[in-house]
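K.L.:
Quick one, what's the 3D model for this:
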Amino acid sequence: MRAALDVAFKTAASEASILLRGESGTGKGVLARAIHAHSPRAANPFVTLHCPSLSAELLESELFGHVEGAFTGAVRDTVGKVAAAEGGTLLLDEIGDLPLALQPKLLRLLQERCYERVGETQTRASNVRILAATNHNLEAELAAGTFREDLYYRLNVIEVTVPPLRDRRGDILPLAEHLLRFFAKQNAKPISGFTEPVGDALVRYPWPGNIRELRNAIERGVILAAGPAVTLTDLPSQIGNPNQAAPGAVAGSSSAGEPLTLDQTEAEHIRRILASTATIEKAATTLGIDPSTLYRKRKKYGI
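P.N.:
Numbering: from 1, shown residues only. As a prediction, the model looks like this:
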């Protein structure tokens, strides 16, 4: 992690594109904000575009903007994320999900610093720095022809890989204590720490959902804690017993028949499918939904 931060902050002051790689929930978006904050663009906007969230047509409009009448429902001129980030930084989150048809237009933005809004012929200049984040194997997507090689090399001027939380066990307790202070203050609860068994369990647990899962667990613990310290019973049951999941299931997943809500059951099922598939598109196909719906469900459940 120190090596990743060292590269990130050494290059923060440059104009180079940075590709942030790592599993879902490792904090790539947080690191992107930190890079922006350490750059000469820090006083200007930091804007995020979530690439899996929309269809190719709507994603193009979201990125570049559109003019009135460009398509059904375009009732007024709208600026896109590129214009909103003018002078600042634009993070393209989950860049591996960017539709192939839109990739040449992003490449042009990177190379020529210009673009057109959807439905418009006027070329507009852009002054934004592009950061991109992905949990995909982009090299496999290059080989499959679903990601352009020239765009890959243009985005990957600097590569920073954020390691999973299970490979950063020395960070688990400091992160957990920071989150505990945050949620204790947010919930106005006088909680001072964890019991000793909690500390041991937090370090042993493999955290398949990385920092996002840790954050959710600590928030739950703070809310349920009845005393001055969070106990094991306040945390999700799998943290105290990381081997309870069924063989082949994601650590922390639930078994059929447990007293769970429909939302909890759906969230666990989505986690399992995401863990067993290589791309968001394949996971969406397995689930029988489109990628934009899967994106919204991931956001809803914090996956």
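K.L.:
C-alpha from now on. contacts and neighbour counts both.
P.N.:
Fine.
K.L.:
surely Glu120 meets Glu68?
P.N.:
No - judged on Cα atoms under 8 Å, Glu120 makes no contact with Glu68 at a distance of 9.4 Å.
K.L.:
Please enumerate the strands of the stretch 1-150 of the chain.
P.N.:
18-21, 46-50, 65-66, 78-79, 89-93, 114-115, 124-125, 129-134 (DSSP state E, counting those that start in this stretch).
K.L.:
Show me what the fifth one packs onto, helices and strands only.
P.N.:
Under the contact criterion of 3 or more Cα pairs under 8 Å, 6 or more residues apart in numbering; DSSP states H and E, strand 89-93 touches helix 28-37, strand 46-50, strand 129-134.
K.L.:
How far away from the center of its chain is that strand?
P.N.:
Here strand 89-93 shows a centroid-to-chain-centroid distance of 11 Å under the convention Cα atoms, centre = their mean, to the nearest Å.
K.L.:
That strand: which residues count as buried?
P.N.:
Residues Thr89, Leu90, Leu91, Leu92, Asp93 are the ones in strand 89-93 that count as buried (16 or more other Cα atoms under 10 Å).
K.L.:
So, low pLDDT: which residues of the stretch 151-300 of the chain?
P.N.:
242-260, 278 (pLDDT under 70).
K.L.:
can we see that at 90?
P.N.:
208, 237-238, 240-300 (pLDDT under 90).
K.L.:
Run through the residues that contact the nearest residue to Glu141 once chain neighbours are set aside.
P.N.:
The shortest distance from Glu141 to any non-neighbouring residue, by Cα to Cα, 6 or more residues apart in numbering, is to Phe147 (5.4 Å). Phe147 makes contacts with Gly96, Leu100, Gln103, Leu138, Glu141, as judged by Cα atoms under 8 Å, 6 or more residues apart in numbering.
K.L.:
how about CSV for the residues you listed, with distance to Asn44 added?
P.N.:
Below are the contacts of Phe147 laid out as CSV (distance: Cα to Cα, whole Å):
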residue, distance to Asn44
Gly96, 26
Leu100, 30
Gln103, 26
Leu138, 30
Glu141, 33
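K.L.:
Of the strands of the stretch 1-150 of the chain, which is nearest Leu165?
P.N.:
strand 18-21 (13.7 Å; Cα to Cα).
K.L.:
Tell me the strands beside the closest one, with direction?
P.N.:
Paired neighbours of strand 18-21 in the sheet (DSSP bridges): strand 129-134 (parallel), strand 158-161 (parallel).
K.L.:
starting at the chain centroid, how far to that strand?
P.N.:
12 Å.
K.L.:
before we move on, what about stretch 95-103?
P.N.:
16 Å.
K.L.:
Same check on stretch 37-46?
P.N.:
Here stretch 37-46 is found 20 Å from its chain centre; the criterion is Cα atoms, centre = their mean.
K.L.:
ok, and the closest non-adjacent residue to Pro228?
P.N.:
Spatial nearest neighbour of Pro228, chain neighbours left out: Ile191 (4.4 Å); criterion: Cα to Cα, 6+ apart.
K.L.:
Got the phi and psi for that neighbour?
P.N.:
Note on Ile191: its backbone torsions stand at phi -100, psi 130 [degrees, to the nearest 10].
K.L.:
What is the burial count for it?
P.N.:
19 (other Cα atoms under 10 Å).
K.L.:
Check Gly288 too.
P.N.:
For Gly288, using other Cα under 10 Å, the count is 10.
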